[in-house]
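# I would like to see how this sequence folds:
(chains A, B, C and D)
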There are 2 protein chains.
Amino acid sequence: MAVSIGDVATAAGVAPSTVSRALHGRPGVSEEVRTQIARVAADLGYTASRSAASLASGRTWTVGVIAPYVGRWFFGEVLDSAEEVLSAAGFDVLLYNVGSPAARKRFFERMPLRKRVDGVLSLLLPTEAEALALRSLGVPLSLVVGGPRPGFTTVGIDDRRGAELAVRHLVNLGHRRIGMIGTTAAAPLNWTTPSERRAGYLQVLHEARIAPDPRLDVDGRYTVKGGEQAMTALLATRQPPTAVFAQSDEMAMGALRALRLHRLRCPEDVSVVGFDDHELAEVVGLTTVAQPVAKQGAAAARLLLDQLAAPEPTAGGYVQMPISLVLRESTAPPRPQPA
Amino acid sequence: MAVSIGDVATAAGVAPSTVSRALHGRPGVSEEVRTQIARVAADLGYTASRSAASLASGRTWTVGVIAPYVGRWFFGEVLDSAEEVLSAAGFDVLLYNVGSPAARKRFFERMPLRKRVDGVLSLLLPTEAEALALRSLGVPLSLVVGGPRPGFTTVGIDDRRGAELAVRHLVNLGHRRIGMIGTTAAAPLNWTTPSERRAGYLQVLHEARIAPDPRLDVDGRYTVKGGEQAMTALLATRQPPTAVFAQSDEMAMGALRALRLHRLRCPEDVSVVGFDDHELAEVVGLTTVAQPVAKQGAAAARLLLDQLAAPEPTAGGYVQMPISLVLRESTAPPRPQPA
DNA sequence: CTGTTAGCGCCTTCAG
DNA sequence: CTGAAGGCGCTAACAG
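Numbering: from 1, shown residues only, chains lettered A, B, ... in the order given. Next up is the predicted model:
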């Protein structure tokens, strides 16, 4: 069987409690004994059982991370950076991928996190009911999307202003007929990003005295494929847009593909702006609104650690990360209209 | 405090052991009592403590997943599908991101998995020493890269043949001067993929009686940026290649970008083939060798579950997944050389 | 079918 | 500075 604390104690000629103290660097152990114990433990390849330690102390030293879809660039990036911060602080990461509605429902019903984690980092925006379930865990909660939320510490960006940057850029180039690829579905997952970005889009159109045309507001499901289909739909309208704002780079890339398939050129025929500054946006020369993705994950993780370390449970807080427009080659003035 | 099994037992007027049996669906509990207990447990919002259960039973119901870099498309995709399979089977996923050499070293030294997991799924190829450490955990081991390995059940592809498909395609188009972007670094992480793919490349050159030119074999570090730099280096050689085989789509996309920056056209000036069939390969029209990424993750997870369920520890095994060449728009015959 | 009895391995008082 | 004792919450024999 695996070596236990008792084995180490016996081998070192001390009591188990002394081994525990020594290995945790707690005071009350002579330097001599401490090094001796460390040596013996290493020799024996001893690792404390997390289960037993958790049971006895109540600390699990693990953080639950809830993500909607790890395969998506944004989430992978956030997870990656968050994990790094967390593991450096000695915490393990328990990953829950709750992309599908079914998985999500099951997760929040069974709440497998109960008694299993010291804190939770969520990459998805919980509904009110879900937030309630999360709060009932009685541990610090951290969020990487959306805005301030009672009981949660959240890190995010100003989606609305980001969209404004993108659309204003198009307006400034002289575009008047500007489409948008986002999601019209009524925020199925209580996700505010699409509506916020739409609000920014509408705001700029309003400022520019451009009447919004609902036929130019299409659904791209936040996927590459969806973006392609959405752009195809836009091109099929009576009067296609001369520029398109895609709410995510992935949709923007789908849009670029649709343009290629239609033998249209970007930006000569249609300008495209994305959102996120995806790793590959540079590769395809996509103008986009950049947000610090990895930094958001790291920041959220760090804020969670702060709460974990705090003697008093500190609730809430909102950190907004900066965004900026990155100009590349996918945008240009509209081509002069045939008079 | 949280509600314990004792609370449920008292409230239901039975013994804790009966509650345990009932909730686990074990035989020896009357239907009547079982439903009664289920009701009470639900009312009280009872969830068993994983720590206590693990300590008592020895089963942790969690699987450790070791990944080199979750942000990379391939790994994100594998992780995503593996998590789905695992969690559907009731297992939690403990994620360890050990991308950097430092993190990797720390991980294998401290082996935080000991006494924590029922099985391990590794997305990185362990060195002999690392494999030893993993085996010492005494739990089923599963791998998603490389070939057969004692003590591991592995899922993979024939990298060598994949590379052959790609390069042979270029040869068949009439290319004779074919570059490769891979990694020349001596497999720092004991990762066989680069050398296997190189072997395939060399093999086809040999078949076609083309003398390999070491100057055309450049390092792209398996990243987009690296691919771009590698292609730039290739273009700077005395006699640049007319076609390039990139060992990953991410490097291929970097190469495409380099071509664009040099005002060269693909495939007119230079043909490019990638490897992986990245989600965005279609978007950029990249010809590539497709491998079933998500399926590999799911398969590896399923094989791990099989071992977990088996009464006898079954070791080893190797499952090879199919690959295929996907023709898109990044390859064409070389342009006739100026005579 | 159900209750009782021991631990699982560790941490944390409390003594010394 | 160190050891002894109790208990964390649950499961797994063993009795009835």
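
# Around DNA strand D, which positions in chain A sit nearby?
Proximity of chain A to DNA strand D is confined to A:13-18, A:21, A:27-30, A:32-34, A:52, A:55-56 under the rule CB under 7 Å from any atom of the strand. All C-beta atoms are positioned from the backbone trio N, CA, C, and that covers glycine.

# Mark which of those are part of helices, please.
Counted as lying in helices by DSSP state H, out of these, are A:P16, A:S17, A:T18, A:R21, A:E32, A:V33, A:R34, A:A52, A:L55, A:A56.

# Between which two of the residues you listed is the distance greatest?
Using CB to CB, those span at most 31.0 Å, a distance reached by A:E32 and A:L55.

# Counting neighbours, which of the residues of chain A next to DNA strand D end up buried?
For these, a neighbour count by 16 or more other CB atoms under 10 Å in any protein chain shown gives the buried set as A:V14, A:T18, A:R21, A:V29, A:V33, A:R34, A:A52, A:L55.

# Touching, the fourth one and A:V19? I think so.
Okay, so that is A:V29. No: contact criterion CB atoms under 8 Å: A:V29 and A:V19 do not qualify, at 9.3 Å.

# Please identify every residue contacting each of these two.
Here A:V29 and A:V19 have A:I37 as joint contacts, going by CB atoms under 8 Å, 6 or more residues apart in numbering or on different chains.

# circling back to that earlier point, which one of the buried ones among the residues of chain A next to DNA strand D sits closest to DNA strand C?
Lowest distance from DNA strand C to these (CB to the nearest atom of the strand) belongs to A:A52, with 3.3 Å.

# wait, what's in contact with the closest one?
Taking CB under 8 Å, 6+ apart as the test, what A:A52 contacts is B:S51, B:L55.

# Just the helices from chain A, written as ranges.
Ranges of helices in chain A, per DSSP H, are A:5-12, A:16-23, A:31-44, A:50-57, A:73-88, A:101-110, A:128-135, A:159-172, A:193-207, A:224-235, A:249-261, A:293-309.

# and the first one, how far out from the chain's middle?
What that stands for is helix A:5-12. 44 Å (CA atoms, centre = their mean, to the nearest Å).

# For it, enumerate the helices and strands it packs against.
Of the remaining helices and strands, those touching helix A:5-12 by 3 or more CB pairs under 8 Å, 6 or more residues apart in numbering or on different chains; DSSP states H and E are helix A:16-23, helix A:31-44.

# what's in contact with that helix?
Outside helix A:5-12, the residues that touch it by CB under 8 Å, 6+ apart are A:15-16, A:18-20, A:33, A:36-37, A:40-41, A:43-44, A:46, A:48.

# Try it again at 10 Å.
The contact list for helix A:5-12, computed with CB atoms under 10 Å, 6 or more residues apart in numbering or on different chains, reads A:1, A:3-4, A:14-20, A:22-23, A:33, A:36-44, A:46, A:48-49, A:52-53.

# And for the second one?
The set of residues external to helix A:16-23 that reach it, using CB under 10 Å, 6+ apart, is A:4-12, A:14-15, A:26-31, A:33-38, A:40-41, A:46-48, A:53, A:56.

# For PyMOL, what selects the buried ones among those?
Applying 16+ other CB under 10 Å to the contacts of helix A:16-23, the buried members can be selected in PyMOL as follows:
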select buried, chain A and resi 4+5+7+8+9+11+12+14+29+33+34+36+37+40+41+46+47+48+53
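
# Now cross-check the contacts of helix A:16-23 against DNA strand C and list the overlap.
Of the contacts of helix A:16-23, the ones that also sit near DNA strand C (CB under 7 Å from any atom of the strand) are A:S4, A:I5, A:G6, A:Y46, A:A48, A:A53, A:A56.

# what sits against the first one?
With contact taken as CB under 10 Å, 6+ apart, A:S4 is in contact with A:T10, A:P16, A:V19, A:L44, A:Y46, A:A48, A:S49, A:A52, B:K115.

# how much space between it and A:G28?
22 Å (CB to CB, to the nearest Å).

# can you list the ones next to DNA strand C among the contacts of helix A:16-23 in JSON lines and add pLDDT?
Shown next, in JSON lines, are those (pLDDT from 0 to 100):
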{"residue": "A:S4", "pLDDT": "88"}
{"residue": "A:I5", "pLDDT": "90"}
{"residue": "A:G6", "pLDDT": "88"}
{"residue": "A:Y46", "pLDDT": "89"}
{"residue": "A:A48", "pLDDT": "90"}
{"residue": "A:A53", "pLDDT": "91"}
{"residue": "A:A56", "pLDDT": "90"}
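
# Identify the farthest-apart pair in those.
Comparing all pairs in those by CB to CB, the longest separation belongs to A:Y46 and A:A56, at 16.5 Å.

# starting at the chain centroid, how far to stretch A:79-89?
With CA atoms, centre = their mean as the basis, stretch A:79-89 stands 13 Å off its chain's centre.

# buried set for that stretch?
Neighbour-count burial for stretch A:79-89, counted by 16+ other CB under 10 Å, picks out A:L79, A:D80, A:S81, A:A82, A:E83, A:E84, A:V85, A:L86, A:S87.
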